[in-house]
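> fold the following, please.
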Amino acid sequence: MVTAVYTHDDCLTHVTPEGHPERVDRLRAVERGLVGLEVSRLAAPIGDDADVLRCHPARYLARVRAAVPDTGYVTLDGDTFMSPGSLNAALRAVGGVCAGVDAVMAGKARNAFVGCRPPGHHAEREAAMGFCLFGTVAIAAKRALDRHGLARVAIVDFDVHHGNGTQDLLWDEARCLFLSSHQMPLYPGSGAASENGEHGQILNIPLAAGSGGAEMRAVYEAMAFPRLMEFAPELILVSAGFDAHRNDPLGNLRWTAQDYGWLTGRICDVADACAGGRVVSTLEGGYDLDALEDCVAAHVGILAERGR
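Numbers count the residues shown, from 1 in each chain. The predicted model follows:
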């Protein structure tokens, strides 16, 4: 089998104001990181409304659709903007991760990476925030559970910011383990270890500012991987935020590209043990372009090795 990589030029049409960290150049950095990797390149399809509605109510989707400007920008919150191409870009992200789930469940790919934007893990049930419009990874989890009949899906979110949207969307979903490591305190202010979900299926792992790869590896080995193995997921989804890198301007953790490679490999180890190797990863943060390129190369490089 192979690693499937989903991208689409529509994601270049989500344009943000000058100086905004979530910018078109991020995807160009992702493309540089993919150079030379043995993967199967595929176009991310447009996500179906039915998939968005697995997590967001129809009135929210209608508000987002109605907000699309003819020119320029509109603001959905203080740092979340829409341009004329933003809705299609966000739907490509939804479609890409859903296609990745379908491919690995059908045995057409061992694992997948979705290099689309905008990101998704801050979008709550009826609120766009933190650069995010739709809860992409939560939508993928619901598709895997409801369409493919899985009993257990895990999400690992290693973005430097807590995935408050994913937590909100899956707060009462007993079939999904949501595991988030993140710097705390930091935007959006959620993610305390005491936030456990309605069924105890959420594990938040706050990390101190200034901590690096050694601390991350220790806490994942002590807390995250045992919990994943106990849960025994049939599929692992990854919110792949690369803004815990030491050079990222929006966080204060000290990870390196090598740390991301190690973490990816250990996630794949759990997937090999529990889920037939099935991993689907989707791009979240990462705002230093050189670091983003290096981290994507490390992350997808490990996925490609495991996909052979």
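
> check the offset of stretch 289-296 from the chain's centre.
16 Å (C-alpha atoms, centre = their mean, to the nearest Å).

> any idea which element residue 181 lies in?
strand 176-183 (DSSP states H and E).

> which residues of the chain fall in helices?
Taking DSSP state H as the criterion, the chain contains helices spanning 25-34, 49-52, 58-67, 86-105, 136-146, 164-169, 213-219, 225-231, 257-274, 289-307.

> for residue 181, which of the ones you listed is the nearest?
helix 213-219 (6.9 Å; C-beta to C-beta). For glycine as for every other residue, the C-beta is placed from the backbone atoms N, C-alpha and C.

> ok now do residue 44, which residues does it touch?
By C-beta atoms under 8 Å, 6 or more residues apart in numbering, the contact list for residue 44 reads 6-8, 11, 92-93, 95-96, 99, 114, 116.

> find the nearest non-adjacent residue to it, please.
Distance criterion C-beta to C-beta, 6 or more residues apart in numbering; nearest residue to residue 44, sequence neighbours excluded, is residue 96 at 3.1 Å.

> quick one: that neighbour from residue 49, how far?
According to C-beta to C-beta, to the nearest Å, residue 96 and residue 49 sit 16 Å apart.

> which one's more surrounded, the two?
residue 96 (32 against 14; other C-beta atoms under 10 Å).

> any idea how far residue 287 is from that one?
21 Å.

> tell me the contacts of the residue minimising distance to the centre of the chain?
Nearest to the mean C-alpha position of the chain, counting by C-alpha atoms, centre = their mean, stands residue 239 at 2.5 Å. Applying C-beta under 8 Å, 6+ apart, we find residue 239 in contact with 120-121, 137, 155-159, 163, 166, 180, 282, 284.

> what sits against the nearest residue to it once chain neighbours are set aside?
Once flanking residues are discounted, residue 239 sits nearest to residue 157: 3.7 Å by C-beta to C-beta, 6+ apart. Shown in contact with residue 157 (C-beta under 8 Å, 6+ apart): 121, 137, 163, 166, 178-182, 238-239, 241, 284.

> and with 6 Å instead?
By C-beta atoms under 6 Å, 6 or more residues apart in numbering, the contact set of residue 157 is 163, 180, 239.

> please apply the same query to residue 125.
residue 168 are the contacts of residue 125 under C-beta under 6 Å, 6+ apart.
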